[in-house]
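**Q** Generate coordinates for the sequence data below:
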Amino acid sequence: QVQLVESGGGLVQAGGSLRLSCAASGRTFSSYAMAWFRQYPGKEREFIACISWSGDSTRYSYSLKGRFTISRDNARNTVYLQMNSLKPEDTAVYYCAASKEYGLRGTDYPYWGQGTQVTVSS
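**A** Numbers count the residues shown, from 1 in each chain. Next up, the predicted model:
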C-alpha cells in the first residue's frame, strides 16, 4: 500500500506557473505508475497526465499537453506536475494517484492523495 500527500497548490495569477508535488510513503514507489487528476466542484475527476514506473513513458490529456508536464524522482519518492501558462479555468482541486497499472482512468488508480487546491485569478 502507498500513502500520498500533495503540496504546492495555492493562488496564482493567470499566465503564471505552479509546481505540484506528491510525496509517497513506502519503499516500493518505483513499482507504481503515478497520475495527476483534477476535479471541479460537482464534477467527476478529470485525467491530466500519468507516468510509468521508471518515468520513461508519459501520457497527457490532449487539451493540457504542452502546458502541463509530469515527472518523477524515484529516489525522493515524489511525482511532480509542472503547470505553466495557467488559466482561470485551471482552478480546481488537484489529486495525485498511484497504481500498479498504467492507465488513464480514475478507476485504474486505487490510491489517492487528499488533494491540493489550485486557484488561478484573472
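
**Q** Which residue, other than its chain neighbours, is closest to I48?
**A** In this structure, I48 finds its nearest non-sequential neighbour in W36, 4.3 Å apart by CB to CB, 6 or more residues apart in numbering. All C-beta spots, glycine's among them, are computed from the backbone N, C-alpha and C.

**Q** Distance of the residue positioned nearest the centre of the chain relative to A75?
**A** Closest to where the C-alpha atoms of the chain average out (CA atoms, centre = their mean) is W36, at 2.4 Å. According to CB to CB, to the nearest Å, W36 stands 20 Å off from A75.

**Q** go on, L4?
**A** Distance of L4 to A75, given as CB to CB: 17 Å.

**Q** more crowded one of the two?
**A** A direct count of neighbours by other CB atoms under 10 Å for L4 and A75 places L4 higher, at 24 against 8.

**Q** Next up, the contacts around that one.
**A** Contacts for L4 (CB atoms under 8 Å, 6 or more residues apart in numbering) come out as 22-25, 96-98, 111-113.

**Q** who's in contact with the nearest residue to it once chain neighbours are set aside?
**A** Excluding its sequence neighbours, the residue lying closest to L4 (CB to CB, 6+ apart) is G113, at 3.7 Å. By CB under 8 Å, 6+ apart, the residues touching G113 are 4-6, 22, 95-97.

**Q** go with 6 Å
**A** Shown in contact with G113 (CB atoms under 6 Å, 6 or more residues apart in numbering): 4-6, 22, 95-96.

**Q** pLDDT wise, what is T58 at?
**A** What the model reports as pLDDT for T58 is 97.

**Q** Do you know the pLDDT at Y102?
**A** 92.

**Q** Oops, could you answer that again for K87 instead?
**A** With respect to pLDDT, K87 scores 97.

**Q** and the nearest residue to Y60 once chain neighbours are set aside, how many neighbours does it have?
**A** Closest residue in space to Y60, ignoring its immediate chain neighbours: A49 at 4.7 Å, by CB to CB, 6+ apart. A count of nearby residues for A49, using other CB under 10 Å, gives 21.
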